[in-house]
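>>> 3D model of this:
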Amino acid sequence: MQYGILSFDEVEPDISRKILHVDMDAFYASVEVRDNPKLKNKPVVIAKHPKLTGGRGIVSTCNYEARKYGIHSAMSAQEAYMRCPKAVFIQGDLNYYREISMQIREIFNEYTDLIEPVSLDEAYLDVTNNKKNMKSATIMAMEIKEEVYRRTRLTCSVGISYNKFIAKIASDYNKPNGITLVEPKDAVQFLKELSIDKFHGVGKKSLPNFHDMGIFTGKDLYEKSLDELIDNFGKMGYSLYFKVRGVHNTPVNNKRERKSIGRERTFSVFLELESQVVDNIVKLIHQVDNRHHISDMRAHTITLKIRYDNFETITRQIQSIETIESLEKSIELAKEIWKEHGHLDRTIRLLGVTFSNFDHPLYTSIKLDLD
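Alright, predicted model coming up:
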């Protein structure tokens, strides 16, 4: 079995921790409604109006009124408009949302230093040993919710458990403005009763494969052997085998490392055709994704670096209100930069692509050169 011999620590759940997952409710849209009370009870979509973009663009988030029409994050803005023509489309202001996110982070810091932001609107908190010396994680979660609302007039939902995986699922269990506690003694039964698509990592593309194996719930997953899951799903199957048994011992990580991730290449034969430029941009993005997974980075900015044969170098970037979470989106944005700023009056000796402005802070500057 390619994943090696299991240690005791990998098999047995560490139930010594108290973990909160705090998830702001429809964060960007809620900020806009808060700031403009006229939007209350109206469907609000955070995206450029598709009439202004020729049908392009993706929904960053939307409020719960808009969700009644089946609109959701990552949906195309055009489809959102077709589902609800009366929706209010707002381009959004990432820097403003970031400021509010930092205000919320300051509240978290009053309780613990062990904070792992996942994005601007969600974070894990390890409150096992907390600054308030509070024994009850549930009472602490209630207090944090109240303080967030008092200072920002925004609501959040909180999941409470002994590990990050269950806490994250729990925060989504009673939305909006809810609290869900999953104690160790209840964890496996809680997980067995979930639909398989509630297990983070099981997405739209892999869901049919689970259904083909007769896996529709956590209970179905629990009944599959480790070998079956590895044979069919590889590393993800290995992980899910333990997660459905309540085992996920990864600690809350509050370290800050990389600020950007990129890849660049110097060409011995300079590029002189647009097709060569585009092909190499695509290759560079694939190389970044192969090593770091664009979907995990949750970057908001992509930068294209172009160095011409006379060593003139330009760097141009696009900042996206929604996180850049796919190869397709990355390639689309990089091509936009090239079309807007690149030219072939001279041949090109170097190209580089860099991702930055992460929601998740666990990155430091790194540049990977390709010989």
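
>>> Now do the residue lying closest to F355 once chain neighbours are set aside against W338, distance only.
Take F355 and drop its neighbours on the chain: the residue closest to it by Cβ to Cβ, 6 or more residues apart in numbering is A299, 3.9 Å away. From N, CA and C alone the C-beta is placed, and that goes for glycine too. Using Cβ to Cβ, to the nearest Å, we find A299 at a distance of 18 Å from W338.

>>> more neighbours, the two?
More neighbours surround A299 than the other of A299 and W338, with 26 against 18 (other Cβ atoms under 10 Å).

>>> I'd assumed S356 was in contact with that one.
Yes. With contact defined as Cβ atoms under 8 Å, A299 counts as touching S356 (6.1 Å).

>>> Quick check: neighbours shared by those two?
Common neighbours of A299 and S356, using Cβ atoms under 8 Å, 6 or more residues apart in numbering, are I261.

>>> quick one: the most far-flung residue of the chain relative to its centre from R349, how far?
Distance from the centre of the chain peaks at N310, with 40.1 Å (Cα atoms, centre = their mean). Relative to R349, N310 is positioned 9 Å away (Cβ to Cβ).

>>> again, but for Q287
Separation of Q287 from R349 (Cβ to Cβ): 18 Å.

>>> cool, E340 as well?
Shown here: E340 relative to R349, a distance of 21 Å by Cβ to Cβ.

>>> now do K204
The spacing between K204 and R349, counted by Cβ to Cβ, is 41 Å.

>>> who's in contact with the spatially closest residue to the residue farthest from the centre of the chain that is not a sequence neighbour?
Leaving aside its sequence neighbours, N310 sits nearest to R346 (Cβ to Cβ, 6+ apart; 6.3 Å). Shown in contact with R346 (Cβ under 8 Å, 6+ apart): Y308, D309, N310, E312.

>>> Please produce a PyMOL select command covering the buried subset of these.
The PyMOL selection below is limited to those of the contacts of R346 classed as buried (16 or more other Cβ atoms under 10 Å):
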select buried, resi 308
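
>>> Secondary structure and distance to S295 added to the contacts of R346, as CSV?
Shown next, in CSV, are the contacts of R346 (DSSP: H, G, I helix; E, B strand; the rest coil; distance: Cβ to Cβ, whole Å):
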residue, secondary structure, distance to S295
Y308, strand, 33
D309, coil, 36
N310, coil, 38
E312, coil, 34
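
>>> now for the contacts of R346, which pair is the farthest apart?
Greatest spatial distance in the contacts of R346: D309 and E312, 8.6 Å, computed using Cβ to Cβ.

>>> buried set for stretch 322-340?
E322, T323, I324, E325, K329, S330, I331, L333, A334, K335, I337, W338.

>>> For F165, see how far away the residue lying closest to K224 once chain neighbours are set aside is.
Closest residue to K224 apart from its sequence neighbours, by Cβ to Cβ, 6+ apart: I215 at 6.7 Å. I215 sits 17 Å away from F165, going by Cβ to Cβ.

>>> related to what we said a few turns ago, export the contacts of R346 to JSON lines and tack on pLDDT and distance to V45?
JSON lines is the format used below for these (pLDDT from 0 to 100; distance: Cβ to Cβ, whole Å):
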{"residue": "Y308", "pLDDT": "92", "distance to V45": "41"}
{"residue": "D309", "pLDDT": "91", "distance to V45": "46"}
{"residue": "N310", "pLDDT": "88", "distance to V45": "46"}
{"residue": "E312", "pLDDT": "88", "distance to V45": "41"}
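
>>> Among the contacts of R346, find me the one that's closest to V148.
For those, the nearest to V148 is E312 (49.3 Å; Cβ to Cβ).

>>> ok, and the closest non-adjacent residue to P184?
P184 sits nearest to I15 (Cβ to Cβ, 6+ apart), 4.3 Å away.

>>> so the one you found, which of the three states?
At I15 the chain is in coil, as set by DSSP: H, G, I helix; E, B strand; the rest coil.

>>> So it is in contact with D186, correct?
No. Assessed by Cβ under 8 Å, I15 is found out of contact with D186, at 11.6 Å.

>>> just to revisit the earlier point, need the contacts of R346 in TSV with distance to G246, can you?
Putting these into TSV (distance: Cβ to Cβ, whole Å) gives the following:
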residue	distance to G246
Y308	57
D309	59
N310	61
E312	58
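
>>> who's in contact with the nearest residue to E122 once chain neighbours are set aside?
In space, not counting the residues next to it along the chain, E122 is nearest to D23; the distance is 4.4 Å by Cβ to Cβ, 6+ apart. Under the criterion of Cβ under 8 Å, 6+ apart, the contact list for D23 reads D121, E122, C156, S157, V158, G159, K168, S171, D172, K175.
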